[in-house]
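Novice: Structure of the sequence below:
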Amino acid sequence: MTIQFPAGWCVAAAAFLGGALVGIATAAPAPFALQGPGVRPEDFRVTTFASGLNHPLGMAQLPDGSLLVAVSKGGSYWNSVGEVIRLVDADGDGVADGPGKVLITGLPGGQTSLCVGGTLVFVTGQGSGKPITVLRMGSAPGDPLTRVGAIRLNYPTGGWLHPHSALALRPTPGMPGSFDLLFQLGSQFNIAPTTRNVTLAPDGIPGAEGTLLGDSIYRLTLTDGPTGVTASRLTRIARGLRNAAGMAFDPATGDLYLEDNGIDGLSDANEPTSADELNRIPADAIGGAVENFGFPDHYTTYRTGVLVGGGAIQPLIAFQPLPDPATGSESEGPNDIARAPRAFPPGLNRGVFIGFHGRFGSGGLANEENPLVYADPATGQYFHFIGNDEAGVGHLDGLLATADSLFLADLAPQGSLGSSGGTGVIYQLKSLVPSTLQFRRIGEDLELTWSAGVLQSAGELPGTWTDVSQAVSPHRITAEQAPRFYRLR
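Specialist: So this is what the prediction gives:
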């Protein structure tokens with residue numbers, strides 16, 4: 001259905017293309033069930049997108065819909081070679097067309113995170129000897145990646161319990177062609193303030209230098225100019241964080257959501273002292289006063305919920321066992337975070353998903369701490385979307401949200417990272433929920449609203465439809481904009 005407005009606005013109201021509820025795919029089913037309040041498994045197509053992978057973690061979607069994935073090739077995650085591969089699903093059936101094309105190899109092993117900005121790709125591993133490597137894409141999505149340079153973090157001797165491992169990226173406000181790269185430097189110790197510093201040093205990236213304090217998140221602005229990539233504005237944006245190993249920007253608000261890993265137990269490391277957290281930094285506060293989240297003196301105790309200290313920024317959520325903190329189902333060791341896909345069903349499309357690693361080297365039923373959690377920052381409510389009692393799940397440590405899908409990377413389904421090469425899996429959870437596009441006049445403007453789905457537009461009704469970048473409901477269209485047709489997919 002199309003509607004023509006006198007002022008030239010055109011709206012096409014449509015459900016998702018191919019929106020029949022087909023349930024869980026049978027060709028390559030995932031070894032887990034979807035659960036939680038109001039969750040309808042038939043609202044999703046769940047597939048094994050790719051298997052036989054080498055420790056997949058960081059993922060990003062390219063404009064053509066293919067995925068870049070950071071993998072670590074080797075029998076052991078700890079003794080491996082880093083690579084970036086590209087996975088293509090040309091027919092959209094939820095299963096990659098092949099094992100993936102290697103676009104670059106020879107990176108440090110133990111890759112943990114990957115981000116894409118423009119034609120640049122940023123990858124990193126965890127800790128000493130694992131720099132943030134800057135790569136450049138070719139003219140076509142399947143072309144090899146070339147190395148631009150690296151940002152090296154030089155650690156002092158003596159060990160560092162929570163070194164860097166996570167990246168987040170956004171276009172720099174007011175600076176076209178630049179990107180703000182965020183990375184964490186966690187705590188040197190379990191339950192004490194960090195006492196030593198790490199130095200940042202450039203390797204082919206001028207300006208990538210400075211001194212880093214632990215328990216922090218830093219921002220570094222990267223500019224891709226005519227003379228190459230340069231770095232500037234190294235800024236500490238947050239402190240008092242034990243290990244913010246997962247960060248994600250909200251595409252609608254620009255706010256930064258981050259998790260923090262709770263303090264390990266002092267007598268039993270598997271019985272934490274403090275609860276894992278979900279935190280937020282508003283978009284307009286990023287790069288201003290350094291936000292203080294309180295580690296190690298301010299935290300919520302695990303199971304009891306007692307607030308210790310309380311003088312720092314309080315978390316949106318402190319994760320406790322469910323439903324009873326004393327005896328309930330556990331979630332420990334958050335590793336990655338993703339904003340919920342816009343096209344997910346109502347009730348699942350406004351919050352965040354968090355993958356919990358759980359017990360370090362255990363998988364399946366031996367790892368009772370590794371669920372995938374859905375959390376709603378607006379209400380403080382959360383539940384296990386994938387339970388911690390799935391025999392085929394090891395560590396859902398890598399998350400990627402696209403417009404209509406959530407991709408989950410299981411680093412090592414059997415749990416151990418020492419002998420897990422070639423066992424990694426990526427799953428795709430694609431929404432099948434139809435939605436109706438509604439509109440109303442606001443003066444000379446038009447406001448579009450929808451409960452689920454991805455907004456698309458075209459200049460002509462039989463023309464080429466493209467996703468409206470970062471559009472969320474409600475979406476306002478001003479009278480000054482050129483006439484367009486709109487629909488949902």
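
Novice: for the chain, what spans make up the helices?
Specialist: All residues of the chain lie outside helices when identified by DSSP state H.

Novice: Show me the shaky parts of it.
Specialist: Counting by pLDDT under 70, the low-confidence segments of the chain come to 1-28.

Novice: other SSEs contacting the top strand by length along it?
Specialist: The strand that spans the most residues within the chain, counting by DSSP state E, is strand 228-239. Contact here means 3 or more C-beta pairs under 8 Å, 6 or more residues apart in numbering; DSSP states H and E; on that basis strand 228-239 packs against strand 146-154, strand 210-213, strand 216-225, strand 291-292. All C-beta atoms are positioned from the backbone trio N, CA, C, and that covers glycine.

Novice: and Pro377, how many neighbours does it have?
Specialist: 19 (other C-beta atoms under 10 Å).

Novice: Nearest spatial neighbour of it, chain-adjacent residues omitted?
Specialist: Nearest non-adjacent residue to Pro377, counting by C-beta to C-beta, 6 or more residues apart in numbering: Leu316, 4.7 Å away.

Novice: if we can go back for a sec, Serialize the helices and strands packed on strand 228-239 to TSV and add fields for distance to Arg280 and mean neighbour count.
Specialist: Output for the helices and strands packed on strand 228-239, formatted as TSV (distance: least, C-beta to C-beta, whole Å; neighbours: other C-beta atoms under 10 Å):
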stretch	distance to Arg280	mean neighbour count
strand 146-154	26	19
strand 210-213	22	15
strand 216-225	12	20
strand 291-292	10	18
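
Novice: now those strands in a markdown table, with distance to Ala482?
Specialist: Converted to a markdown table, these look like this (distance: least, C-beta to C-beta, whole Å):
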| stretch | distance to Ala482 |
| --- | --- |
| strand 146-154 | 37 |
| strand 210-213 | 45 |
| strand 216-225 | 29 |
| strand 291-292 | 41 |
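
Novice: returning to that earlier point: now do the longest strand of the chain against strand 216-225: the angle between them, please.
Specialist: Computed by axes from the mean of the first three to the mean of the last three C-alpha atoms, to 10 degrees, the angle separating strand 228-239 from strand 216-225 equals 160 degrees.

Novice: Could you check how far strand 228-239 is from the centre of its chain?
Specialist: With C-alpha atoms, centre = their mean, to the nearest Å as the basis, strand 228-239 stands 20 Å off its chain's centre.

Novice: I'd assumed Leu200 was in contact with Arg152.
Specialist: Yes: counting by C-beta atoms under 8 Å, Arg152 sits close enough to Leu200 to count as a contact (7.2 Å).

Novice: re the thing from before, contact partners for the residue nearest to Pro377?
Specialist: Under the criterion of C-beta atoms under 8 Å, 6 or more residues apart in numbering, the contact partners of Leu316 comprise 277-280, 375, 377, 380.

Novice: Can you list the residue ranges for strands in the stretch 101-250 of the chain?
Specialist: Using DSSP state E, counting those that start in this stretch, the strands of the stretch 101-250 of the chain run over residues 101-108, 111-117, 120-125, 132-136, 146-154, 167-171, 178-185, 197-203, 210-213, 216-225, 228-239, 246-249.

Novice: Of all those, which one is nearest Pro371?
Specialist: Across the strands of the stretch 101-250 of the chain, the minimum distance to Pro371, taken as C-beta to C-beta, is reached by strand 246-249, at 14.5 Å.

Novice: In the sheet, which strands lie alongside the closest one, parallel or antiparallel?
Specialist: Strand pairing for strand 246-249, determined by DSSP bridges: strand 256-260 (antiparallel).

Novice: Need the contact partners of the partner strand.
Specialist: If you take C-beta under 8 Å, 6+ apart as the criterion, strand 256-260 is touched by 168, 182, 217, 238, 241-250, 276-281, 283, 286, 293, 295, 315, 334, 337, 339, 352, 354, 377.

Novice: right, and Gly309 touches Thr301 too?
Specialist: No: contact criterion C-beta under 8 Å: Gly309 and Thr301 do not qualify, at 10.8 Å.

Novice: Show me the one of the strands of the stretch 101-250 of the chain that comes nearest Ser416.
Specialist: Of all the strands of the stretch 101-250 of the chain, strand 111-117 sits nearest to Ser416, with 17.4 Å by C-beta to C-beta.

Novice: Check which helices and strands that closest one sits against.
Specialist: The helices and strands touching strand 111-117, judged by 3+ C-beta pairs under 8 Å, 6+ apart, are strand 59-61, strand 67-76, strand 79-87, strand 120-125, strand 167-171.

Novice: Give me the contact list for that strand.
Specialist: The list of residues contacting strand 111-117 from outside it, by C-beta under 8 Å, 6+ apart, reads 55, 57-60, 62, 68-72, 82-84, 121-126, 130, 137, 165-169, 171, 179, 181, 222.
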